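*Asks:* give the three-dimensional model of this entry:
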Amino acid sequence: MRQIVLDTETTGLDWRNGHRVIEIGCVELVNRSLTGRHFHVYLNPEREIDAEAEAVHGISLDFLTDKPKFEAIAADFEAFVAGAELLIHNASFDVGFLNAELSRCGRGNVASFCHGVIDTLRLAKEQNPGKKASLDALCERYDIDNGHRTLHGALLDAEILAEVYLAMTRGQETLAITLEEPSNGADMPARSVAPDRPRLKVLRANDAERAAHAAVLADIEKAAGHCLWLAKVQAASEAESP
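*Replies:* Numbers count the residues shown, from 1 in each chain. The predicted structure is shown next:
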């Protein structure tokens, strides 16, 4: 399983307004392990960079004037990510920008040469509804050190996102459990039960305890508008009534 963790930096927020990609950072995962292979490039956008964007990533137009244009690195980028599944935080943003750049070069879109895209922002929101899902928030949640991240940078963010994704999905590689059982039980160890083991004593709630429990459930019903357990208790009580 080959996956590419990808991030970009741009001149602004919307490719529809003519904004361009100025940095691409990718790191490779194979079978959920970092291989050490990466793709990283700065790009000359041939346009101004919004002040708000520069404040986020710290990349100036002066720094980019001698950098290659996207069309010069398009083939190398496509070759690096081809056939892989992409892992991107807020994927619609980066994919939208990359598709716009590829279109300017007359090349196919990302979907034409990649195996698929996983949006880690969406995944994080599905796993923890209502909680912050920024990269910094996820680093804090999964105890990943990002103290060296003072500004956004495509390669640095891709490396951090790789760690975050592995933490978010840890254990999934062990979900394929074996369901096969011995056909006749011959291979299973015999269970030994002590003959003098005492019988378990069953303690049932008395009337006062049951009434107190019902009162607590009634309070929940009043506060929340519905309490499933209260309905079950009432149904059980009615069933026991002569």
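
*Asks:* okay, CA-based contacts and neighbour counts for the rest of this
*Replies:* OK.

*Asks:* what ranges do the strands span in this structure?
*Replies:* 2-10, 21-30, 33-42, 85-88, 116-119 (DSSP state E).

*Asks:* can you redo the ones you listed as CSV with mean pLDDT, distance to Glu221 and mean neighbour count?
*Replies:* Formatted as CSV, the strands of the chain follow (pLDDT from 0 to 100; distance: least, CA to CA, whole Å; neighbours: other CA atoms under 10 Å):
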stretch, mean pLDDT, distance to Glu221, mean neighbour count
strand 2-10, 98, 47, 26
strand 21-30, 98, 49, 23
strand 33-42, 97, 49, 15
strand 85-88, 98, 42, 24
strand 116-119, 97, 38, 16
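
*Asks:* of those, which is nearest Leu98?
*Replies:* strand 21-30 (7.4 Å; CA to CA).

*Asks:* can you list contacts of the closest one?
*Replies:* Applying CA atoms under 8 Å, 6 or more residues apart in numbering, the contact partners of strand 21-30 are 1-11, 34-45, 64, 70, 97-98, 101, 153-159, 162.

*Asks:* for Ala167, which of the strands of the chain is the nearest?
*Replies:* That would be strand 33-42 among the strands of the chain, by CA to CA, at 12.0 Å.

*Asks:* so what secondary structure elements neighbour that closest one?
*Replies:* Counting contacts by 3 or more CA pairs under 8 Å, 6 or more residues apart in numbering; DSSP states H and E, strand 33-42 is packed against strand 21-30.

*Asks:* so Phe77 makes contact with Phe39?
*Replies:* Yes: with contact defined as CA atoms under 8 Å, Phe77 reaches Phe39; the gap is 7.4 Å.

*Asks:* list the buried residues for stretch 106-126?
*Replies:* 107, 109-110, 114, 117-118, 120-124 (16 or more other CA atoms under 10 Å).

*Asks:* who touches stretch 83-91?
*Replies:* 1-7, 94, 113-122, 135, 161.

*Asks:* give me the distance between the two termini of stretch 73-93.
*Replies:* 20 Å (CA to CA, to the nearest Å).

*Asks:* before we move on, what about stretch 141-159?
*Replies:* Span of stretch 141-159 from end to end, CA to CA: 17 Å.
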